[in-house]
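> A predicted structure for the sequence below; I have some questions about it.
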Amino acid sequence: MNYTLNQLRIFLKVVQNQSVTKASEELHLTQPAVSIQLKNFQDQFEIPLTEVVGRKIYVTDFGKEIAEAAEQILQQVNTIDYKTLAYKGQLFGKIKISVVSTGKYVMPYFLADFLKMHPGVELEMDVTNKNKVVKSMQNNEVDFALVSILPDKMKVEKIDLMQNKLFLVGNMEEDFTKKKKIEDILQNRPLLFRENGSGTRQTMERFIVQQDFKISKRMELTSNEAVKQAILAGLGYSIMPLIGIRKEIQNKDLQIIPLKGLPIKTDWSLIWVKGKNHNPAGLAYLDYLKKEKEAIIHSKFSWYETM
């Protein structure tokens, strides 16, 4: 047997996700690279670790036992790394963050300098919709979550990072320099919504109810990027977070459509379960944010404050 730690990590991720595609996304590797390493690892065993039925991958009983052993080995390797860093007096540990999809335009800027200052700290960040973010917190799978809407029926603590602004957006095919009623704007094209479970959709629907808008044409898409591309193609309009469409607005590919009651303003908040016992890395990160968040906003998001 001549397997590597990298192969153990890849195999464990595939088992945890039941998917080569999802494992490659979490590992920030291409799907072919993961598939090759998975095959090289499996070829060292006479008994199959996984089975592919149709397009789905299943882990055999033997594979599950190997995955458990792999997890224990990797934990021991991490312990060795952490002990080495601790001996040198350096901060170490892992920070797990779940981020709502539009938050991917925000969270990296509040992490980059902290991780450069503390190379012994590992980051695990999952980008998904609001429902899955909340579920990961309820299951204690993450240390922090970035949201724009605080979860109901859950006691949390938070640090507000920056404001989230949502505008009605369309492509450049029509002139919207003068305000129009929403019914007139949507006469020929539908309003595009995110999927159920999305925080952006929840904010949109709340706004529509508050303004008593009558929406007859609507279309549902499963990501902010899909909504943006649909708007660019002229399929419709949508209420979108400004943070995700900066380049398109500046390049005049998209335009903000004036509408009463907009922009909607919420806050990007880093939240955690009330009373959670953070590891030293998590505590150091919270301290860093309290001291540096205003400087980060001024340095990285000055353009945002003027719109």
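Yep, it's here. None of these values were measured; they are calculated from a predicted model. Numbers count the residues shown, from 1 in each chain.
> sec struct for the residue lying closest to L111 once chain neighbours are set aside, please.
In this structure, L111 finds its nearest non-sequential neighbour in L123, 6.5 Å apart by C-beta to C-beta, 6 or more residues apart in numbering. The C-beta positions use only the backbone N, C-alpha and C, and glycine is treated the same way. Assigned state for L123: strand (three-state reduction, DSSP: H, G, I helix; E, B strand; the rest coil).
> again, but for K276
K276 - assigned by three-state DSSP - is coil.
> What separation do you get for it and L283?
11 Å (C-beta to C-beta, to the nearest Å).
> Same question for stretch 201-208: list its buried residues.
201-204, 207-208 (16 or more other C-beta atoms under 10 Å).
> from those, which is closest to K291?
T203 (29.9 Å; C-beta to C-beta).
> just to revisit the earlier point, in strands only, show me the buried residues of stretch 201-208.
If you go by DSSP state E, the buried residues of stretch 201-208 have nothing in strands.
> Throw those residues into TSV and include distance to Q16 and pLDDT, thanks.
Converted to TSV, the buried residues of stretch 201-208 look like this (distance: C-beta to C-beta, whole Å; pLDDT from 0 to 100):
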residue	distance to Q16	pLDDT
R201	28	92
Q202	29	91
T203	32	92
M204	33	93
F207	38	93
I208	39	92
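> State the number of residues packed around I257.
Close neighbours of I257, defined as other C-beta atoms under 10 Å, add up to 19.
> Check the one 10 residues further on too.
Residues near D267, counting by other C-beta under 10 Å, number 15.
> what sits against the residue nearest to it when sequence neighbours are not counted?
Once flanking residues are discounted, D267 sits nearest to D160: 4.5 Å by C-beta to C-beta, 6+ apart. Applying C-beta atoms under 8 Å, 6 or more residues apart in numbering, we find D160 in contact with 267-269.
> Could you do I185 as well?
I185 sits in contact with 168, 170, 176, 237, 257, 259, where contact means C-beta under 8 Å, 6+ apart.
> Strands along this protein, start to end?
Going by DSSP E, the chain shows strands at 50-53, 56-59, 93-100, 121-128, 144-147, 156-171, 191-193, 218-220, 238-241, 254-256, 264-273.
> Could I get the buried residue list for the second one?
By neighbour count, with 16+ other C-beta under 10 Å as the criterion, the buried positions of strand 56-59 are 57, 59.
> tell me what it is packed against?
Helices and strands touching strand 56-59, as assessed by 3 or more C-beta pairs under 8 Å, 6 or more residues apart in numbering; DSSP states H and E, comprise strand 50-53.
> and I149, what does it touch?
130, 199, 202-203, 266.
> ok, of those residues, which one's closest to E65?
K130 (36.0 Å).
> residues near that closest one, how many?
25.
> likewise V133?
26.
> Could I get the pLDDT score of it?
What the model reports for V133 is a pLDDT of 93.
> gap between it and L146?
From V133 to L146 the distance is 8 Å (C-beta to C-beta).
> between these two, what contacts are shared?
With C-beta under 8 Å, 6+ apart as the test, V133 and L146 both reach 98-100.
> From M1, how far off is the residue sitting furthest away from the middle of the chain?
Farthest-out residue of the chain from its mean C-alpha position, per C-alpha atoms, centre = their mean: E46, at 38.8 Å. Taking C-beta to C-beta as the measure, E46 falls 11 Å from M1.
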